[in-house]
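In: sequence unavailable; structure follows:
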């Protein structure tokens, strides 16, 4: 008996209709997005509205500026504005200060033009030399009447600065229990102009934004290739800054890196810039900055003192001892020493500024004597 059950043919029309509807909706969505973007960029979003003041701190990123403009309802899309500024290559034109704007009144070209005119505001210009410590920076901010040193350091150490790439690489306090200050090393030294009535967060962000711009993608790549952390490089750079900060940066960095290398016969930095020495005559981070913070040498927590005494701890200390400049950072990351310094483990300087390098301790002792002779000669002439 023949099977009378025949398979029913599929209805292709229904599936085709669904696809067609989806396609039409997609076209409409794309069209709507394109229309929105066109109107937004060309200032066709509506009639001018209320007048608003937008305060843009020095060092603000385009993303930060776009977010502020959106919050003030000057623009409707922070993402579109960021894209347009990049497309026009106008990021470098944007200024900082207080801007009086109107909601819904600008094309993006007009808005860029408005933000490119320097907004006059009461400001304070301060210079922070390379190698300035975080506490010294905070004290200078207080002396200028911008904020208290305590407020500055609290924000610099505990504030949220996740918008900056480098901040993702800085360990939290729980991961660095022996570190003195989280912010040390990352408050980039330079000359800045601060708005007199700005927030403490923005003051700190000015330093951090500048650091973020200085440490490039190529430098992060170099970190990865060498298996180094950002903290290690900035810590080493702070010692290079304190021991050199001149045309000897690369040579000093090489000596320190030789000491830090695996299998080194001298695995301690042994730098008086952070050591057990208790003397006002020396530039000693522990004595000059850490001890006063805690109220005296004997009040420094033992773990902190041991972690920063370069004659006690093996390898690098727990954190930077100052805020180094770009030359010192580059030298620490990829030193290019003189050929005769390539294998050296020691250096000493005299009062004339001359550096003496040595491969062995015996050679170093001879150099120390040479430096002492020069120092006596200079003292005699005085």
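Out: Thanks, I have it. From a predicted model like this one, the values you see are computed outputs, not experimental measurements.

In: low-confidence ranges, the stretch 251-382 of the chain, go.
Out: 382 (pLDDT under 70).

In: what ranges do the strands span in it?
Out: Per DSSP state E, counting those that start in this stretch, the stretch 251-382 of the chain carries strands over the ranges 346-349, 355-358.

In: in JSON lines, list these along with distance to residue 212.
Out: Using the backbone N, CA and C atoms, a C-beta is placed for each residue, glycine as well. Listed next are the strands of the stretch 251-382 of the chain as JSON lines, based on distance: least, Cβ to Cβ, whole Å:
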{"stretch": "strand 346-349", "distance to residue 212": "32"}
{"stretch": "strand 355-358", "distance to residue 212": "32"}
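
In: save those as CSV, and put in mean neighbour count and distance to residue 378 too.
Out: Output for these, formatted as CSV (neighbours: other Cβ atoms under 10 Å; distance: least, Cβ to Cβ, whole Å):
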stretch, mean neighbour count, distance to residue 378
strand 346-349, 19, 12
strand 355-358, 20, 15
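
In: so which bits of the helix or strand where residue 54 lies are buried?
Out: With secondary structure defined by DSSP states H and E, residue 54 is part of strand 51-56. Using 16 or more other Cβ atoms under 10 Å as the test for burial, strand 51-56 gives 54-56.

In: cool, stretch 251-266 as well?
Out: So for stretch 251-266, counting by 16+ other Cβ under 10 Å, buried means 251-260.

In: any stretches of the stretch 1-150 of the chain with poor pLDDT?
Out: Scanning the stretch 1-150 of the chain for pLDDT under 70 picks out the ranges 1-14, 21, 24, 28-29, 31-37, 44-48, 118-121.

In: what about the strands in it?
Out: Under the criterion DSSP E, counting those that start in this stretch, the stretch 1-150 of the chain contains strands at 51-56, 97-102, 123-127.

In: now those strands as a markdown table including distance to residue 285?
Out: Shown next, in a markdown table, are those (distance: least, Cβ to Cβ, whole Å):
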| stretch | distance to residue 285 |
| --- | --- |
| strand 51-56 | 35 |
| strand 97-102 | 36 |
| strand 123-127 | 21 |
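
In: would you confirm that residue 101 contacts residue 54?
Out: Yes - Residue 101 is in contact with residue 54 according to Cβ atoms under 8 Å; the separation is 5.7 Å.

In: shared neighbours, these two?
Out: Applying Cβ atoms under 8 Å, 6 or more residues apart in numbering, one finds that residue 101 and residue 54 are jointly contacted by 69, 72, 74.
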